[in-house]
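Trainee: pasting a predicted model and its sequence here:
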Amino acid sequence: MRPFLIYLHRYVGLLLAPFLVIVGLTGSALAFYHELDRWLNPSMLTVPIPQTLDQASLFDPFALHERTESQEPRAQIDWFDLTFEPGQAYRLFLLPRIDPTTGKSFEIPYNELYFNPYNGEQTGARTWGEISLAKENIMSFLYRLHYTLAFPKHIAMYGITILGVVALLWFIDSFVGLYLTIPSTKNQPFQFYYFWQRWKPAWKIKPSRFNYDLHRANGLWVWPILLILAWSATAFNLPEAYQPIMSSALGMRDPNALPKLDKPIETPGLDWRAAHRYGQHYIHQDAAQYGFTIEREQSLFLDRQHGAYHYRVKTDQDFGKHGATVAVLDANTGALISLTLPDTDSTGDIVHRWITWLHTARVFGLPMQIAICITGLIVVTLSITGIIIWLKKRKVQKNRLTQKL
């Protein structure tokens, strides 16, 4: 059994290595996505904070949303933040409308607009995800490379699926790799002290076998976080495999449980302001019932495929910077469809939220960002040392074969 697993681990690792080098390098940079983006594009993404913050009370995301759509009738905005970060530009993401004469999407010159939230002035515009190393586009390009292998948009799903399969194989192979480092205890009674004495060398790096030990020891030291990254990457890129496992094993709710409409909704019965009022009503109602305090509003999203608004807030029971409390309401009637609260989470919901937050460094602040950045570089190291080990073993095997001949 062990020889087969060694063979399997070696060749699966060889297959995954090029992809893991790409996602490891890009993931290291993406751990500081917003910080690097602001550093590269300060005039577009940062704004001076006024002497008095009274101007902040004048900020109206709904008015900005309405003004932008009226100025660009070929585009629509299906999601926007309800608050802004002090000193940072406010972002609106545009989606092309369907041209009724052709049935195809309109061509729009950009899909991101940035505004000074204190006075409403536009600070810049760009196309998110454009394949370019220009300073305006480099971070979103790295994100596309990390998530879709930067496949063209019309075939981006193939890139997503490929990386999803890679993530799933990586997750499984992580257990194989761990097992292969564990010393055999066959025909021996288990005693922790003697077991650890035999396993301890696997955690160390000796200069005499640097590549092999670097590969094995690095994998052991960060194994838990590698497992989290692999499984959360499966969640992002291969939900067809991830969702059934998490639902059956841990009771995770299906995020796509809402039935799809025959045709995406174009003009909902509720406008954005009305949907906002309904969302506030439901959240405040449940705040009294469940005993949580609303710290700030997060966002409002129109899901046209399912005919629903999603109103998200941050409460004192939500861990991390971003809120996880969401009211989903019918886009035509305002009726409450579902409410996601920390108190109603299943084990699967909690696990899913935490592994995705850890993957994207959205909790624990700077220390977590540094940890994810370093782990990305370790993934690259594991991949490269794995290739070197394979090449050395292949060379030895060739020499032996040559000597026999």
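Mentor: Structure received. Just so we're clear, the structure is a prediction, and the values are computed from it rather than from any experiment.

Trainee: for the protein, longest strand please?
Mentor: The longest strand of the chain (DSSP state E) is strand 294-303.

Trainee: mind listing what's buried along that one?
Mentor: Buried residues in strand 294-303, defined by neighbour count with 16 or more other CB atoms under 10 Å: Ile294, Glu297, Gln298, Ser299, Leu300, Phe301, Leu302, Asp303. Every residue, glycine included, has its C-beta placed from N, CA and C.

Trainee: so where is the protein shaky, pLDDT-wise?
Mentor: Counting by pLDDT under 70, the ranges of the chain that qualify are 53-57, 187, 320, 404-405.

Trainee: quick revisit: what lines up beside the longest strand of the chain in the sheet?
Mentor: Applying DSSP bridges, strand 294-303 is found paired with strand 79-81 (antiparallel), strand 308-315 (antiparallel).

Trainee: tell me which of the buried residues of strand 294-303 is nearest to Ala335?
Mentor: Asp303 (14.7 Å; CB to CB).

Trainee: wouldn't that closest one be in contact with His310 here?
Mentor: Yes. Using CB atoms under 8 Å, Asp303 is in contact with His310, at 6.3 Å.

Trainee: now Lys204. Nearest residue, chain neighbours left out?
Mentor: The spatial neighbour of Lys204 that comes closest, neighbours along the chain excluded (CB to CB, 6 or more residues apart in numbering), is Ala217 at 6.2 Å.

Trainee: what packs against the helix or strand harbouring the one you found?
Mentor: Using DSSP states H and E, Ala217 sits in helix 210-221. Packing partners of helix 210-221 (3 or more CB pairs under 8 Å, 6 or more residues apart in numbering; DSSP states H and E): helix 156-181, helix 365-404.

Trainee: measure the residue most central in space within the chain to Gln369 for me?
Mentor: Note on the chain: the residue nearest the mean C-alpha position is Thr360, at 5.1 Å, using CA atoms, centre = their mean. Going from Thr360 to Gln369 by CB to CB, to the nearest Å gives 10 Å.

Trainee: and among the strands paired with strand 294-303, the most buried is which?
Mentor: Of those, the one with the most neighbours on average (mean count of other CB atoms under 10 Å) is strand 308-315, at a mean of 22.

Trainee: and the contacts of stretch 294-308?
Mentor: 78-83, 258-261, 264-266, 268, 272, 275-276, 279, 283-284, 287, 309-316, 318, 322-323, 328-332, 337 (CB atoms under 8 Å, 6 or more residues apart in numbering).

Trainee: report the buried members of the residues you listed.
Mentor: By 16+ other CB under 10 Å, those give 80-82, 265, 268, 272, 275-276, 279, 283, 287, 309-315, 318, 323, 328-331, 337 as buried.

Trainee: could you find the closest non-adjacent residue to Leu142?
Mentor: Per CB to CB, 6+ apart, closest to Leu142 is Thr26, 4.8 Å.

Trainee: quick check: the one you found touching Thr148?
Mentor: No. Using CB under 8 Å, Thr26 makes no contact with Thr148, being 11.1 Å away.

Trainee: I figured Thr234 hits Tyr242, correct?
Mentor: Yes. Here Thr234 reaches Tyr242: they are 4.8 Å apart, a contact under CB under 8 Å.

Trainee: which of the two has more residues huddled nearby?
Mentor: Thr234 (27 against 22; other CB atoms under 10 Å).

Trainee: for Phe171, see how far away the nearest residue to Val380 once chain neighbours are set aside is.
Mentor: Nearest non-adjacent residue to Val380, counting by CB to CB, 6+ apart: Gly24, 4.0 Å away. Separation of Gly24 from Phe171 (CB to CB) stands at 15 Å.

Trainee: again with Ala156
Mentor: Taken as CB to CB, the span from Ala156 to Phe171 is 22 Å.

Trainee: what about those two, which has more around it?
Mentor: Ranked by neighbour count (other CB under 10 Å), Ala156 and Phe171 place Phe171 first, with 20 against 16.

Trainee: show me where the chain has helices.
Mentor: Assigned by DSSP state H, the helices in the chain fall at 2-30, 33-40, 42-45, 61-71, 138-148, 156-181, 192-199, 210-221, 223-237, 239-250, 272-290, 347-359, 365-404.

Trainee: using TSV, lay out those together with distance to Asn116.
Mentor: Formatted as TSV, the helices of the chain follow (distance: least, CB to CB, whole Å):
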stretch	distance to Asn116
helix 2-30	26
helix 33-40	14
helix 42-45	10
helix 61-71	11
helix 138-148	21
helix 156-181	32
helix 192-199	58
helix 210-221	45
helix 223-237	33
helix 239-250	38
helix 272-290	21
helix 347-359	30
helix 365-404	26
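
Trainee: quick one: closest of the ones you listed to Phe115.
Mentor: helix 61-71 (6.2 Å).

Trainee: what helices or strands is the closest one leaning on?
Mentor: Looks like helix 61-71 contacts strand 75-76, strand 79-81, strand 90-93, helix 272-290 (3+ CB pairs under 8 Å, 6+ apart).

Trainee: tell me the buried residues in that helix?
Mentor: Pro61, Leu64, His65, Thr68, Glu69.

Trainee: please apply the same query to stretch 339-348.
Mentor: Leu339, Thr340, Leu341, Pro342, Asp345, Gly348.

Trainee: show me the contacts for the second one.
Mentor: Meaning Thr340. Arg253, Ala324, Thr325, Val326, Val328, Asp349.

Trainee: contact partners for the residue nearest to the first one when sequence neighbours are not counted?
Mentor: So the one you mean is Arg253. Distance criterion CB to CB, 6+ apart; nearest residue to Arg253, sequence neighbours excluded, is Asp349 at 5.8 Å. Contact analysis of Asp349 by CB under 8 Å, 6+ apart lists Gly251, Met252, Arg253, Thr340.

Trainee: report how many residues lie close to the residue nearest to Val380.
Mentor: Gly24 has 21 nearby residues by other CB under 10 Å.

Trainee: cool, and Leu178?
Mentor: Residues within reach of Leu178, counting by other CB under 10 Å, total 14.

Trainee: what sits closest to it if chain neighbours are left out?
Mentor: Here the residue nearest Leu178, using CB to CB, 6+ apart, is Trp223, at 5.9 Å.
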